[in-house]
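*Asks:* generate a structure from the sequence data that follows.
(one chain, ligands or ions: 1)
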Amino acid sequence: MTELILHHYPASPYAEKTRLMLGFKGLSWRSVTIPPMMPKPDLTALTGGYRKTPVLQVGADIYCDTALIARRLEAEKAQPALFPAELDAVVSAFGTWASQVVFPRAVALVFQPESAAIRFARFNDEQRQAFLADRAKLFSGGSAQRQNAEQVKHEWPALLARLERQLSHADGDFLFGAPTYADFALAHCMWFLKGTPVTAPMVDSYPHTSAWLGRVLGFGHGAPSELSSAEAIEIARAAAPAALPLDALDDASGLKPGDAVQVAATDYGVEAVVGELVFSGTEQIILKREDERAGVVHVHFPRLGFSLQPA
Ligand SMILES: N[C@@H](CCC(=O)N[C@@H](CS)C(=O)NCC(=O)O)C(=O)O
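*Replies:* Residues are numbered from 1 along each chain as shown. Model prediction:
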């Protein structure tokens, strides 16, 4: 079974980034709705503990982190390209900047009290406390720093003025001419801000950025169809992992295929996944693990931003 299965929830910005990339590529996919906070037993049966949103499943192969998911989508369908060869370094670097600089600032703005009050209007006190406790745990132990909303308001005009200038250029329909990964890596931050009337002006006051966002959101989500998490686990169990890539590296850590290892994000959501190292390449690390419910799966992580250590 080679269907693309996205484990996600509607309000997740990184899920929106992925849904838009699926739309850009015109792909069909299965949609599994996951909880927005822990516990996520059906997701972690597949990932071995990685809890962030979204996760892409293709049979018994599980892809963590949207930077790697984007490259898996490119392998699924090469054109239109997210990473044109002549722009790979700049487009990928822009994506890292959007994730590390813009996204945490958007989070601080969205979770400032006036905007959080609107966002959490449907939550009761207990749910609100549970959500805040979950996010505090998500951000403990990693390198990511939560941003201060007042400082972000101070910085925001500098970030947006540069975008405005670039997007007002004659070729400014998208960041680098034709649409690339960079557009999707930034658009979900702006989509997140558009989610409440308190933060929407942080985008709406910038006409070129607003028009660009409209174009990126215009790609839509491709063709999703619902799937239950139990069915997704069954699909993993029934499938065998795909053949491993051939371009393995000698890993700088000295770790070799067959070694028991652990892989963890270094920024936030740093719980480690333990398994057998089966592949270490320039872009990705693949672990094999066996799960009671999902059977043998290969879990794929980006090399950048993830640590690899002996288990
Ligand atoms: N670097 C990750 C970031 C993903 C991320 O931060 N996702 C948020 C939701 S947008 C998350 O996992 N929040 C906690 C949760 O969903 O449990 C990626 O690119 O996939």
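
*Asks:* does A45 belong to a helix or a strand, and which?
*Replies:* According to DSSP states H and E, A45 maps onto helix 41-47.

*Asks:* with I62 instead?
*Replies:* I62 belongs to strand 61-64, assigned by DSSP H and E.

*Asks:* just the C-alphas of that strand, formatted as CSV.
*Replies:* The C-alpha trace of strand 61-64 is given here as CSV (Å, rounded to 0.1, in the frame of the first residue of the first chain):
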residue,chain,number,x,y,z
ASP,A,61,7.5,4.1,6.4
ILE,A,62,7.0,6.9,8.8
TYR,A,63,8.4,10.4,8.1
CYS,A,64,8.9,12.9,11.0
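
*Asks:* can you spell out which helices and strands pack onto the helix or strand that it is followed by?
*Replies:* Once the chain leaves strand 61-64, the next helix or strand it forms, by DSSP H and E, is helix 66-76. Contacts defined by 3 or more CB pairs under 8 Å, 6 or more residues apart in numbering; DSSP states H and E place helix 66-76 against helix 13-25, strand 55-58, helix 88-97, helix 181-193, strand 295-302. C-betas here are computed from N, CA, C, even on glycine.

*Asks:* please redo it, this time with the cut-off set to 6 Å
*Replies:* For helix 66-76, the packing partners by 3 or more CB pairs under 6 Å, 6 or more residues apart in numbering; DSSP states H and E come out as helix 13-25.

*Asks:* for whichever helix or strand comes after the helix it packs on, list every residue counted as buried.
*Replies:* Per DSSP H and E, the first helix or strand lying C-terminal to helix 13-25 is strand 28-33. For strand 28-33, a neighbour-count test (16 or more other CB atoms under 10 Å) marks 29-32 as buried.

*Asks:* could you check the angle helix 13-25 makes with strand 28-33?
*Replies:* 170 degrees (axes from the mean of the first three to the mean of the last three CA atoms, to 10 degrees).
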